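Asks: Next input, structure requested:
(2 chains)
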Amino acid sequence: NAGVTQTPKFQVLKTGQSMTLQCAQDMNHEYMSWYRQDPGMGLRLIHYSVGAGITDQGEVPNGYNVSRSTTEDFPLRLLSAAPSQTSVYFCASRAVSQRNSQETQYFGPGTRLLVL
Amino acid sequence: GENVEQHPSTLSVQEGDSAVIKCTYSDSASNYFPWYKQELGKGPQLIIDIRSNVGEKKDQRIAVTLNKTAKHFSLHITETQPEDSAVYFCAARGSSGGSYIPTFGRGTSLIVHP
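Replies: Modelled structure (predicted):
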């Protein structure tokens, strides 16, 4: 398994440009989520999905859109980038063991976004 | 919603010493408390977790304790090594909305000096 993959690793945008951050997982996990990480702020939830076709807003959803057409993919779209969206973005998927209910959230390697 | 406070923000120890990171949470219905380690340039990785029906859990040099009454939980690392240097995040999963998504603390930067 490749786990959770994210592309691109690094991106520079100009204010007003749009882009899509890609996230994919090959572990057949139902739950996927997007976080942004800013210095001193920890990880803040942007959007999440509990399964294909189902998405919901997290703590900081403004300026971001998501969709979940397949179990594997959960892209994050910035329609009109702003300097406040400069951050490191992490995608994650969650597994729950049917044997002992042990749950594990797997994070991707992150996408570093700079908006000028 | 859930609110998680984490202290300290920075912790510097000598190799071989113990390190303790503390977190508090606000939602008394929270029942799952994971801890993550994030190395430079990488995504967070789960290192240990505890559920509300357990007071303590240990895995080699790391242990987590939970005080449900006080809504406190802590990460303990014994015999620290330089490779333990990283940012550590606590999290708590609340019960509202059925999202099963944890709320994270702001992180503790642990520095282990050789």
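
Asks: Quick check: B:Glu83 is in a helix.
Replies: Yes - counting by DSSP: H, G, I helix; E, B strand; the rest coil, B:Glu83 is located in a helix.

Asks: how about the residues of chain B near chain A?
Replies: Of all the residues in chain B, those in contact range of chain A (CB under 8 Å from any CB of the partner chain) are B:1, B:6, B:9, B:32, B:34, B:36, B:41-46, B:49, B:89, B:97-107. In short, each C-beta sits where N, CA and C put it, glycine included.

Asks: Tell me what the nearest residue to B:Ile47 once chain neighbours are set aside is bridged to.
Replies: Counting by CB to CB, 6 or more residues apart in numbering or on different chains, the nearest residue to B:Ile47 once its immediate chain neighbours are dropped is B:Lys37, at 4.8 Å. On the basis of DSSP bridges, B:Lys37 is bridged to B:Gln45, B:Tyr88.

Asks: List the contacts of B:Lys37.
Replies: B:44-45, B:47, B:86-88 (CB atoms under 8 Å, 6 or more residues apart in numbering or on different chains).

Asks: and residue 42, what is it in contact with?
Replies: All of this is about chain A. For A:Gly42, the contact set (CB under 8 Å, 6+ apart) comprises B:6, B:89, B:104-107.

Asks: wrong one, I was asking about chain B
Replies: Counting by CB under 8 Å, 6+ apart, B:Lys42 makes contact with A:109-110.

Asks: Report whether the lowest-mean-pLDDT helix or strand in chain A contacts chain B.
Replies: Every helix and strand in chain A was compared by mean pLDDT, DSSP states H and E; the lowest is strand A:103-107, with a mean of 86. Yes - with CB under 8 Å from any CB as the measure, strand A:103-107 is seen reaching chain B through A:103-107.

Asks: Now for the single nearest residue of chain A relative to chain B: which residues touch it?
Replies: Residue nearest to chain B within chain A: A:Phe107 (3.4 Å; CB to the nearest CB). When contacts are counted by CB under 8 Å, 6+ apart, A:Phe107 touches A:4, A:90-92, B:36, B:43-45.

Asks: that older thread, can you turn the buried part of the residues of chain B next to chain A into a PyMOL selection?
Replies: Listed next is the PyMOL selection for buried residues among the residues of chain B next to chain A, using 16 or more other CB atoms under 10 Å in any protein chain shown:
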select buried, chain B and resi 6+32+34+36+43+44+49+89+99+100+101+102+103+104+105+106+107
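
Asks: on that earlier part again, could you tell me which residues within the least confident helix or strand of chain A count as buried?
Replies: The neighbour-count check on strand A:103-107 (16+ other CB under 10 Å) flags A:103, A:105-107 as buried.

Asks: Among those residues, which one sits closest to B:Arg93?
Replies: Taking CB to CB as the measure, B:Arg93 lies nearest A:Glu103 of the buried residues of strand A:103-107, at 8.9 Å.

Asks: which residues does that closest one bridge with?
Replies: A:Val96.

Asks: Show me what from chain A comes close to chain B.
Replies: By the rule CB under 8 Å from any CB, the part of chain A lying against chain B is A:4, A:31, A:33, A:35, A:40-45, A:48, A:50, A:56, A:58-59, A:90, A:92, A:94, A:103-110.

Asks: Quick check: strands, which of those are part of them?
Replies: Within those, residues falling in strands by DSSP state E are A:4, A:31, A:33, A:35, A:42-45, A:48, A:50, A:56, A:90, A:92, A:94, A:103-107.
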